[in-house]
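**Q** sequence and predicted structure, then a few things I'm wondering about:
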Amino acid sequence: MNIRLACLLQLDEAAPVLAGLSTPIVVAKVNADKYRKLGSKYGVDGFPTLMLFDHGVPSEYTGSRNADLLVQNLKKFVAPDVSVLESDSAIKGFVEAADISFPLFIGFGVDESLIAEYGAKYKKKAWFSIAKDFSEDMMVVYDFDKFPALVSINPKYNEQSVFYGPFEGTFLEDFIRQSLLPLTVPINKETLKLLKDDGRKVVLTILEDESDENSPQLIKVLRSAANANHDLVFGYVGVQQWLEFTDTFDVKSSQLPKIMVWDTKEEYEVVEGSERLEEGDYGSQVSRFLEGYRAGRTIKNKVGRGSPTLLGLNAIYILIFLIAILGALMYFSGQGEEQQRPRRTHED
């Protein structure tokens with residue numbers, strides 16, 4: 001099945017669901033091969049292209065084209081920047097209606113004007129709401145003991161945190177931005193993009209296998225460290241889970257688990273004497289690593305074979321393969337010309 005047909009089938013599957021939303025989203029298809037002027041008007045230079053029109057303003061949709069994920073992503077475009085909840089049942093309904101793909105923020109007793117700016121700014125990445133009226137039961141459920149309080153919920157990773165202020169300056173946005181990611185991030189193609197967008201450096205731990213019996217204990221230690229070091233993101237990845245990514249950091253099985261600080265681009269740093277985590281007291285070892293990093297006792301290295309990207313390293317192999325085919329074609333073309341030259345001379 002070609003890509004264009006697969007995309008159209010997913011769009012056809014999503015269309016009735018999108019049309020049935022409280023604020024319907026209309027799906028239309030245009031044959032841009034036939035209506036070229038229309039495609040040119042909106043800068044369409046490849047197919048299939050999905051364009052969103054919000055009050056007549058076009059933008060290209062670059063998210064997942066899977067029908068379920070397409071619905072989840074597009075629901076946010078028609079949702080209010082900040083939902084106003086006026087009862088316990090409204091709070092429950094808001095949480096149930098939001099899918100697990102995005103974090104949720106509920107401001108209990110928080111003035112809407114305080115988070116309206118961030119509701120608009122981070123609309124594509126999270127759900128925002130304020131609860132004007134709520135019972136003590138809600139305080140127990142969401143584990144806060146005073147208000148105003150902004151509760152962050154990350155249902156996908158089963159994490160929750162509370163912010164009591166201050167609600168001015170950069171403190172509020174820092175909390176929101178940091179809560180878009182879980183405390184410890186499993187590195188995969190989806191979260192890699194989030195890490196690059198976040199901008200903070202990553203304390204990256206490379207394991208042999210994320211499902212190994214010792215891995216949960218280490219991840220728990222990393223989560224505790226993340227709670228005390230909000231200027232860094234803590235991530236982990238298993239060699240068994242993503243070999244082409246871990247290979248770019250020049251790791252050997254005998255060196256695992258390996259811990260480093262990665263800038264999410266071309267460079268990473270290891271701390272002298274703390275390159276590897278020995279089985280046992282992970283807490284003390286991670287503390288020593290962070291102490292050494294803060295003190296500048298690091299060795300800088302370049303990410304091997306280029307920075308890991310969303311495309312992965314397969315693109316490099318494909319490129320080499322194509323160059324090899326091109327070279328072969330040029331060679332055989334030259335051989336054909338050589339064979340034809342004597343015949344022309346003889347005919348002359």
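**A** Cool, got the structure. Numbers count the residues shown, from 1 in each chain.
**Q** which residue ranges of the stretch 101-250 of the chain form strands?
**A** 104-108, 127-131, 149-154, 159-163, 184-186, 201-207, 232-238 (DSSP state E, counting those that start in this stretch).
**Q** need these in a markdown table (columns: mean neighbour count, mean pLDDT and distance to residue 41).
**A** C-beta coordinates here come from the backbone N, C-alpha and C atoms, glycine included. Converted to a markdown table, the strands of the stretch 101-250 of the chain look like this (neighbours: other CB atoms under 10 Å; pLDDT from 0 to 100; distance: least, CB to CB, whole Å):
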| stretch | mean neighbour count | mean pLDDT | distance to residue 41 |
| --- | --- | --- | --- |
| strand 104-108 | 23 | 97 | 38 |
| strand 127-131 | 24 | 96 | 33 |
| strand 149-154 | 22 | 96 | 40 |
| strand 159-163 | 17 | 94 | 44 |
| strand 184-186 | 20 | 94 | 40 |
| strand 201-207 | 23 | 96 | 41 |
| strand 232-238 | 22 | 96 | 41 |
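**Q** need those strands in TSV (columns: distance to residue 31).
**A** TSV is the format used below for these (distance: least, CB to CB, whole Å):
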stretch	distance to residue 31
strand 104-108	40
strand 127-131	36
strand 149-154	41
strand 159-163	45
strand 184-186	41
strand 201-207	44
strand 232-238	43
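**Q** for residue 22, which of these is the nearest?
**A** strand 127-131 (14.6 Å; CB to CB).
**Q** what lies in contact with that closest one?
**A** The contact list for strand 127-131, computed with CB atoms under 8 Å, 6 or more residues apart in numbering, reads 76, 79, 81-86, 90-91, 94, 98, 102-112, 115, 118-119, 122, 138.
**Q** tell me what angle that strand forms with strand 149-154.
**A** For strand 127-131 against strand 149-154, the angle by axes from the mean of the first three to the mean of the last three CA atoms, to 10 degrees is 150 degrees.
**Q** centre of the chain to strand 127-131, how far?
**A** Chain-centre distance of strand 127-131: 22 Å, with CA atoms, centre = their mean, to the nearest Å.
**Q** tell me the angle that strand makes with strand 104-108.
**A** Going by the same axes, to 10 degrees, strand 127-131 makes 20 degrees with strand 104-108.
**Q** looking at this structure, which helix or strand does the model trust least?
**A** None of the helices or strands of the chain scores lower by mean pLDDT, DSSP states H and E than helix 314-347, at a mean of 56.
**Q** thinking again about what came up before, the contacts of strand 127-131 in helices, which ones?
**A** By the criterion of DSSP state H, membership of these in helices covers 76, 90-91, 94, 112, 115, 118-119, 138.
**Q** out of these, which is most surrounded?
**A** residue 115 (24 neighbours; other CB atoms under 10 Å).
**Q** what residues are up against that residue?
**A** Counted by CB under 8 Å, 6+ apart, residue 115 has contacts 82, 105, 107, 128, 130, 150, 172, 176.
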